[in-house]
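*Asks:* The following comprises the amino acid sequence and a computationally predicted model.
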Amino acid sequence: MILISNGFWKFHLSVAAAEADRRGTLSGFITGAYPNAAIRKILDAPILRSNPKAMQLKGRQEQIADKRVHALFSPEALFVLGAAFHSNSVPVDALKLYGHLSKKYVERAATCGARIYHYRAGFGGQSVQVAKRLGMVALCDHSIAHPATIDTLVNNMGRLPSRQEQMTMSLFNEYILHDIEQADAVLVNSQFVKETFVHIGAVRAPVHVIYLGVDDSFLVKIPERTARSGEPRLLFAGLFEKRKGAETLIEAFGHLNDLSWQLEIAGGLNSASVKGIQSFLENPRVNHLGLLSRSELASAMSRANIFVFPSLAEGSARVVFEALASGCYVITTPNTGSIVEDGIHGQVVPPGDAAALAAAIKSAINNPALVADVGRRNAELVRAKYRQSHYGDNLAILYTELLADKCTLMPESST
């Protein structure tokens, strides 16, 4: 039996829990705000049916039996409050409170036979030590580059720090790193993330890699793609900020004024961190869509021929998998931790290299038949190998291996 702790928001560990519940191995699911039966009744009120925040909360629901869901609303509320006031310490306090409140569910799960505690980095805290004391395997799930590398990756335009460089971490990332270091094993979502751990050279626990793929709830929202003529449509999805390659993208499109194109940006804007963003958004060929629901994002992806995502630091960006599933040709960097191979699923360009990005976009625009063919194959690949059920299968295999390793390490009993 497995106890899974998701932390705040809709995170991939909610999908992991749904897959474990479907297999009959889920002991419990700890999470932040969650639409349990009582909350769903409130959210179904007519006055809330069109409220974006209410719909966002309702969208967190997974195929998990309500009796196994332990929703911790107060830590998430504290986190949001701290973020609103730009506090450095309150978000960490919120994570600590989450870990503290999780302890009783760990104890309850262990009593009922749970043998693995699969928790999100930063949301374990005190509960991890309780799990280990009760004989459970502590598996920490980390979904972005090693905490000590993130700031440097952004400041160095995607380049990993040398061993000699002084790396700084925020209080928040220091707390996450502590959570990683107390685990028996670490699970990451791409080979890129594992490479950042190896690069730091301070990996105490074994690091395992499982790619996430696309959840079923998104796949069913993708409209059928129809052939379109006219200007090539490109799409960027995610917070438009420096870390996700916004500056590189702006500079790259500056080299493409002689070509016909339309770019849509789905997501929020971090205007303070991106140079030249205002004049770029005023370009009539650029359309900022704002924050989209998952259905709206699926529609935007099905309209696009080319998905461009030149991020400097990710774990394994979900939007890249979703773009592949939607039939897009993908232009990205190695730092997105995706399965995209250069020349097969699109093009992979060096992070922070605007000239290379511009060349890749130009090549794609000038080869519409190739783009369409690659897009079709990308959609088929996701459905064949990177669906939610495949992620669940790989997790089940890892759980079995971790328990086998634990049994091997246990001392033999004397007779």
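*Replies:* Noted; the coordinates are in hand.
*Asks:* Model confidence at Ser271, what's the number?
*Replies:* The score at Ser271 is 80. That number is its pLDDT.
*Asks:* now do Gln164
*Replies:* 66.
*Asks:* swap in Gly59?
*Replies:* pLDDT recorded at Gly59 is 87.
*Asks:* Return the distance of it relative to Asn189.
*Replies:* 21 Å (Cβ to Cβ, to the nearest Å). C-beta: built from backbone N, CA, C; applies to glycine.
*Asks:* And for the one helix or strand Ala109 maps to, what's in contact with it?
*Replies:* In this assignment (DSSP states H and E), Ala109 forms part of helix 90-111. Helix 90-111 is contacted by residues 1, 3, 5, 7-8, 27-28, 30, 32, 70, 72, 74-76, 78-79, 81-83, 117, 119, 122-128, 130-131, 134-136, 171-172, 175 when judged by Cβ atoms under 8 Å, 6 or more residues apart in numbering.
*Asks:* which one of Gly59 and Asn189 has more residues nearby?
*Replies:* Taking Gly59 and Asn189 together and counting by other Cβ atoms under 10 Å, Asn189 has the greater number of neighbours (24 against 14).
*Asks:* How about the more buried one, nearest residue that isn't a chain neighbour?
*Replies:* Using Cβ to Cβ, 6 or more residues apart in numbering and skipping residues adjacent in sequence, the residue nearest Asn189 is Ser316, 4.0 Å away.
*Asks:* Tell me how many other residues surround that neighbour.
*Replies:* Around Ser316 there are 24 other residues, counting by other Cβ under 10 Å.
*Asks:* what's near enough to touch it?
*Replies:* Residues in contact with Ser316 (Cβ under 8 Å, 6+ apart) are Ser143, Asn189, Ser190, Phe192, Val193, Tyr211, Leu212, Thr336, Gly337, Ser338.
*Asks:* For those residues, pick the one with the most neighbours.
*Replies:* Of those, with other Cβ under 10 Å as the count, Gly337 tops at 30 neighbours.
*Asks:* shouldn't that residue be in contact with Lys194?
*Replies:* No: under the criterion of Cβ atoms under 8 Å, Gly337 makes no contact with Lys194, lying 9.2 Å away.
*Asks:* Now do the shared contacts for these two.
*Replies:* Common neighbours of Gly337 and Lys194 (criterion: Cβ under 8 Å, 6+ apart): none identified.
*Asks:* Count the neighbours of Ser89 for me.
*Replies:* Ser89 is surrounded by 10 other residues when neighbours are defined as other Cβ under 10 Å.
*Asks:* Ramachandran angles for Gln347?
*Replies:* Comment: the main-chain dihedrals of Gln347 come out as phi -140, psi 140, following degrees, to the nearest 10.
*Asks:* so what's it closest to, chain neighbours aside?
*Replies:* What sits nearest to Gln347 in space, not counting adjacent residues and going by Cβ to Cβ, 6+ apart, is Ala360, at 4.2 Å.
*Asks:* Pretty sure the one you found sits in a strand.
*Replies:* No: according to DSSP: H, G, I helix; E, B strand; the rest coil, the state of Ala360 is helix, so it is not within a strand.
*Asks:* how far away is it from Thr333?
*Replies:* As for Ala360, its distance to Thr333 is 10 Å (criterion: Cβ to Cβ).
*Asks:* More neighbours: those two, which one.
*Replies:* Remark: of Ala360 and Thr333, Thr333 carries more neighbours, 28 against 22, as counted by other Cβ under 10 Å.
*Asks:* Near the nearest residue to the more buried one once chain neighbours are set aside, how many other residues are there?
*Replies:* Nearest residue to Thr333, sequence neighbours excluded (Cβ to Cβ, 6+ apart): Pro351, at 4.2 Å. Under the neighbour criterion other Cβ under 10 Å, Pro351 is assigned a count of 24.
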